[in-house]
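Undergrad: My questions are about this predicted structure, shown below with the sequence.
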Number of protein chains: 2
Amino acid sequence: MKTSNIVEIISVGDEVLRGFTVNTNGAYLAKYLFDRGYIIKYQTNIGDNEFDVTEAIKVASKRASHIFLIGGLGPTEDDLTKEILAKYLGRNLIEHKESLLNLEKYYKGRNRKLTKSSKKQIMVLENSTVLNNLVGIAPGEILEENGIKYYLLPGPPREFHFLVDEYFDKYLEKEVFYSEKINVHALGESPIEVRLRKLGIDGDITVNTYAKGAFTEIDAISYSKDKTKFETCMSLIKNEFKGFTFEENSLEEAIVKRLIEKGLKISFMESITGGRLASSITSVPGSSNVLKESYVTYSNEAKIKLGVDKDIIEKYSVVSKETARSMVEALEKITGADIVVSVTGEAGPVPSVKDVGTVYSSIKYRDEIEDLSFNFSGSRENIQNSSTTSILSRILLIIGG
Amino acid sequence: MKTSNIVEIISVGDEVLRGFTVNTNGAYLAKYLFDRGYIIKYQTNIGDNEFDVTEAIKVASKRASHIFLIGGLGPTEDDLTKEILAKYLGRNLIEHKESLLNLEKYYKGRNRKLTKSSKKQIMVLENSTVLNNLVGIAPGEILEENGIKYYLLPGPPREFHFLVDEYFDKYLEKEVFYSEKINVHALGESPIEVRLRKLGIDGDITVNTYAKGAFTEIDAISYSKDKTKFETCMSLIKNEFKGFTFEENSLEEAIVKRLIEKGLKISFMESITGGRLASSITSVPGSSNVLKESYVTYSNEAKIKLGVDKDIIEKYSVVSKETARSMVEALEKITGADIVVSVTGEAGPVPSVKDVGTVYSSIKYRDEIEDLSFNFSGSRENIQNSSTTSILSRILLIIGG
C-alpha cells in the first residue's frame, strides 16, 4: 500500500453537524474509497462557518493527501466551501460555461429569472477538473496543489451520488487492481468470517465482510497485479459459500429475478409481518409478473374467511406450525400460485397466545411444504423485520437451485 | 448563550471511519445536545489507532469544553479509548465494583468463564462519575479536568442510546430552560418555515424545523427563564398549524391511536403500494385492534376477483380515479371496515397505462368518499413511499377531527 493515499473527508454544514441529518454521504464515500484501496484516516464534520472551514482545510492539508469536501456549494450566503478553498489556495473563481448553460436551461424551464445568488453555484476554481452535475446545478471539482488533491462535492445526496458514481471511476487513481463483491445469505456474519479466515487468503488480497441486515456482503480487493491469484481467491470464496450467494442488491431482487426466469408466481398470507413480504417483493421493478395478489390476515376471522381451518386455530392456537400450514394450504386454493408462503407469530410488545418473538411460517413449492419456526428477540420492529428477511432468505434457497 | 458549552463529538472506530457503519450515534447525540442548548462545533471520526485517538483528544481539549468520546470501550485489543484518555489525563484505571458484579452475572448466566480481556471493560478512570450499563457490559463515564468535561460512551447503538437516554438528563447541565416538539403533516417544510417566520417569535426562543419524510418536526427551545413567553410562543405555533399537528412519533402511530379511541376498523386494497400501507399500520403496537384484514391486488385479475368492476377497469384503465373508487367499494363489501382505502398507480420504471408517478386513491369513511390523485416523480421506491405517506397523512386529517 502507498502512503500517498491518506484520505480526509470534511462534511460541511450545520444540518449534518447538529445531527438533523445523518451523514450518509460521508459513509458512502469512505466505503467507496476504502474499497478502492485508499486509507481513510479522518472524517470531520463542521458547520457553515468561514473560520471553522478554513481551519479544517488547513489541518487536513497537513495530514492527508486526498481531501474531500462535501457540502456548501449551494446558492445561499451560508454556502462557503468553494469560496474558502479558493481563498486558501489563492485561486480565482471563474464562470463554468457548461454549468452556466445548464443553469439557464433550468431557470428557463421553470419560467424563473436567473439571480446573482444562483449564479454563484456555477463558479469554479481556476485550473480545476469540473465534474458536470447533470441532476442539479453545482458541479463537482477536482484540483491539485502542492501534491495534495482536493475534491469538491455537493451535499444533496442525489447530486453527491451522481457525481461519485459517474466520474470517480474515471478520475480517481486506482489504488487496487481488482475488486469484487458477493452477497451471502442464510449464514451469520461471524461464521462467515470464521470460514473466510480458514480459507487462508493471500496477504495481497483483503477480504472484508459487511453486515447488511438481511445478508452479508463480502468485498475482496487485490493490491497485487496477479489476476490469476485474485480469480483463484474468488473461486475459493464462491465455492465455500456455494448455494448461499447472490449478486443482486437485495434478497427480494434476487427472488424476483429467479421467479421471472422460471415463470413462477408467488403469493403471501401474512399475519405477523402485516404486508412486509408483499411490499418487499413489490419494491422490485417487474414484480407484477410474479406477484398477482397477496393477503394480510391480521385476525382469526380474516384467516377463517380465506379458508384457514377454524378447528386448527382453536386446537393449536393461531401462532402455531399447524395454523401456518393451514394458512398456506388455504392460500394455494385461493391463488393457485406456484409458491405460497404463510407466516404467523407474536410481534409484541404484549404477548397474546405465545411468547413474543415466536414465529411460524410455511412455504409450499412443487407439492412440498417446508415448515419454519423462529424465536426472535428485540423490539416489535426487529421481530417483524427478522421474520421478513428470514423468510425471504429461505424462499431464495428453495427456488435458487 | 454561554460560550462554555462548545461540544466536540469524537467517534472512535474503523467501522464508522471507513463507512461500513453509518454514524447514527453521532447524529443522535448532536441533536440531543443541540436541543438542550449546547453548541455543536466539531464532529470527528477516527480509527482504532493510539496515535490518532491521542491527537484527536489533544486537539479537542484546546477547542471544546465538552468532549464526547463514542466507541472503543469493548474487550478487544483494538478498544483503546479509555486507556488513551487515562494516559492523557494522567489518571489511573480502577475496577468498578458494580460493573464487575454485572459482568460476573452475565458470564455465569451464559456458563462462560470470565477472561482478562472481558474484565478490561469494567475498568474506569479514577474519580469519574460512572454510568451503569444495564443493557451491556462497558459502563459510561463523565469526568472533569481543567474545566473540560469528558464523556465516555460505548459504541453499540443499543448501549449508547440507553446511557444517553437514562443518565444525561440527570448529569448534564441544562443549557435551555424549556423545550417542546410538535409534528406537522400535510404541509411542506418550506411553507412551514415561511409561516413560522411570519409569527415573529422572540429571539430568546429558537425554533427549528426537521424534515422527517412523512412530516415536519418543529423543535422550540427557550434560552430565557420566562415561562409565560415560551408558552405563548407554543400556543402561537400550535394555533398556526391547527388541525395538522400530532404528538406521536409517526403518522401511523397517530392514526392507530385515534382509531382505537374511536373504536374504528381500517382496511386497505393496495395496488401500487404493494402492502406498504398495511405494514405501516401493523408496525404500531395495538394495531390488531384496528386492522383485521388487508389486500394486495397487484393485477387486474386479483382486483376483479375481489369485486372490482371489470368494465370500469377496461373503460377507464386500471390506473384511474374510477378504478380506485370501484376498489374502495368492493373493499367495503368484503370487510365492512369503518374506513376503507384503495390505491392504484404507476410505480415504474416502465409505464404500463399512465405516466410513471400517476397515483389514484379513494378513502371511504362515514358514507363519504374522498378521491385523491397525485403525480409523484423520482424512483420507484420514492413513488411507492410518497404514495404511502400522502395517503396516511390524508387518513389522519380525515379521522383526526
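TA: Okay, I see it.
Undergrad: What pLDDT is listed against the closest residue to chain B within the stretch 301-401 of chain A?
TA: Proximity of the stretch 301-401 of chain A to chain B (Cβ to the nearest Cβ) peaks at residue A:302, 3.5 Å away. To be clear about C-beta, it is placed using only N, CA and C from the backbone, and glycine gets the same treatment. At residue A:302, the predicted lDDT confidence score is 97.
Undergrad: Can you tell me the SS state at it?
TA: When classified by DSSP: H, G, I helix; E, B strand; the rest coil, residue A:302 comes out as helix.
Undergrad: what's across from the nearest residue to it once chain neighbours are set aside in the sheet?
TA: With Cβ to Cβ, 6 or more residues apart in numbering or on different chains as the criterion, residue A:302 has its nearest non-adjacent residue at 3.5 Å, and that residue is residue B:293. Residue B:293 forms beta bridges with residue A:297, as assigned by DSSP bridges.
Undergrad: Residue A:181 too?
TA: The partner residues for residue A:181, given DSSP bridges, come to residue A:219.
Undergrad: Contact partners for the residue nearest to residue A:302?
TA: Residue B:293 makes contact with A:295-299, A:301-302, A:305, B:267, B:335, according to Cβ atoms under 8 Å, 6 or more residues apart in numbering or on different chains.
Undergrad: Out of those, which comes closest to residue A:196?
TA: Lowest distance from residue A:196 to the contacts of residue B:293 (Cβ to Cβ) belongs to residue A:296, with 39.5 Å.
Undergrad: For the closest one, give me its contacts.
TA: Going by Cβ under 8 Å, 6+ apart, residue A:296 touches A:270-271, A:274-275, A:278, A:302, B:275, B:278, B:282, B:291, B:293-296.
Undergrad: from the contacts of residue B:293, which would you call buried?
TA: A:295-299, A:302, A:305, B:267, B:335 (16 or more other Cβ atoms under 10 Å in any protein chain shown).
Undergrad: Tabulate those residues (CSV), appending distance to residue A:125.
TA: Below are the buried ones among the contacts of residue B:293 laid out as CSV (distance: Cβ to Cβ, whole Å):
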residue, distance to residue A:125
A:295, 59
A:296, 56
A:297, 61
A:298, 58
A:299, 64
A:302, 63
A:305, 68
B:267, 59
B:335, 63
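Undergrad: Got the phi and psi for residue A:43?
TA: phi -130, psi 130 (degrees, to the nearest 10).
Undergrad: Show me what it bridges to in the sheet.
TA: Bridge pairing for residue A:43 (DSSP bridges) gives the partners residue A:9, residue B:45.
Undergrad: still on that earlier bit, compile the contacts of residue B:293 into JSON lines and extend it with columns for distance to residue A:151.
TA: Below are the contacts of residue B:293 laid out as JSON lines (distance: Cβ to Cβ, whole Å):
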{"residue": "A:295", "distance to residue A:151": "51"}
{"residue": "A:296", "distance to residue A:151": "47"}
{"residue": "A:297", "distance to residue A:151": "53"}
{"residue": "A:298", "distance to residue A:151": "50"}
{"residue": "A:299", "distance to residue A:151": "56"}
{"residue": "A:301", "distance to residue A:151": "60"}
{"residue": "A:302", "distance to residue A:151": "55"}
{"residue": "A:305", "distance to residue A:151": "60"}
{"residue": "B:267", "distance to residue A:151": "52"}
{"residue": "B:335", "distance to residue A:151": "56"}
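Undergrad: What is the nearest of the residues you listed to residue A:390?
TA: Closest to residue A:390, out of all of the contacts of residue B:293 and judged by Cβ to Cβ, is residue A:296, at 18.4 Å.
Undergrad: Can you give me the neighbour number for the residue nearest to that closest one when sequence neighbours are not counted?
TA: Spatially, and ignoring its direct neighbours in sequence, residue A:296 is nearest to residue B:294 (3.8 Å; Cβ to Cβ, 6+ apart). Residue B:294 is flanked by 30 other residues according to other Cβ atoms under 10 Å in any protein chain shown.
Undergrad: Now the helix or strand in which residue A:334 is found: buried residues?
TA: Per DSSP states H and E, residue A:334 falls inside helix A:321-335. Neighbour counts over helix A:321-335 (16+ other Cβ under 10 Å) mark A:322-332, A:335 as buried.
Undergrad: just stretch A:60-69 next, same as before
TA: Buried residues in stretch A:60-69, counting neighbours by 16+ other Cβ under 10 Å, are found at A:60-61, A:64-69.
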